[in-house]
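J.: Below are the sequence and a predicted model; questions follow.
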Amino acid sequence: MITFNAEKREKAGKGAARACRREGRIPAVIYGGKQEPLMVSLHPVELEKALEEKGFYQSDIEVVLDGKKIKVVCKDVQFHPVSDRPIHVDFMRK
C-alpha cells in the first residue's frame, strides 16, 4: 500500500497549480465516488519514490488528508516535457 501525506489546496486552475509548484509541491486532484473533486498537493519526494515502484498505476493508494484516509487509484500523472518530473496527478476514489 502506497501512502501519501497530502495538503489541501484552496484554489483550482493553472495559476493555483503554478503557485503550488513554486512552493515545492505537486498539485493533484481526487475525484469520483459521487463526491466533489478534492484539490490537494503532494510532496515531490514521496511521489517520485512511489512512481519508481513496479505497478504504481495498479496499486492501492492511500491519501492522508487532515488525518482522514482516502483510498484511491492513480488515473494519470502528467510529466514535464523536458525534465520528465511529475507536474500533476489525477486520483480516483475507490
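T.: Yep, that arrived.
J.: now the helices for this structure?
T.: All helices of the chain, identified by DSSP state H, fall at 14-22, 44-52.
J.: Which among these is found nearest to residue 87?
T.: helix 14-22 (6.8 Å; C-beta to C-beta). Where C-beta positions appear, they are placed from N, C-alpha and C, glycine not excepted.
J.: what's the average pLDDT for that closest one?
T.: Average pLDDT, helix 14-22: 94.
J.: Check which residues of that helix are buried.
T.: Applying a neighbour-count criterion of 16 or more other C-beta atoms under 10 Å, one finds 17, 20, 21 buried in helix 14-22.
J.: For beta bridges, what are the partners of the residue nearest the centre of the chain?
T.: Centroid-nearest residue in the chain, with C-alpha atoms, centre = their mean: residue 28, separated by 3.7 Å. Judged by DSSP bridges, the bridge partners of residue 28 are residue 40, residue 89.
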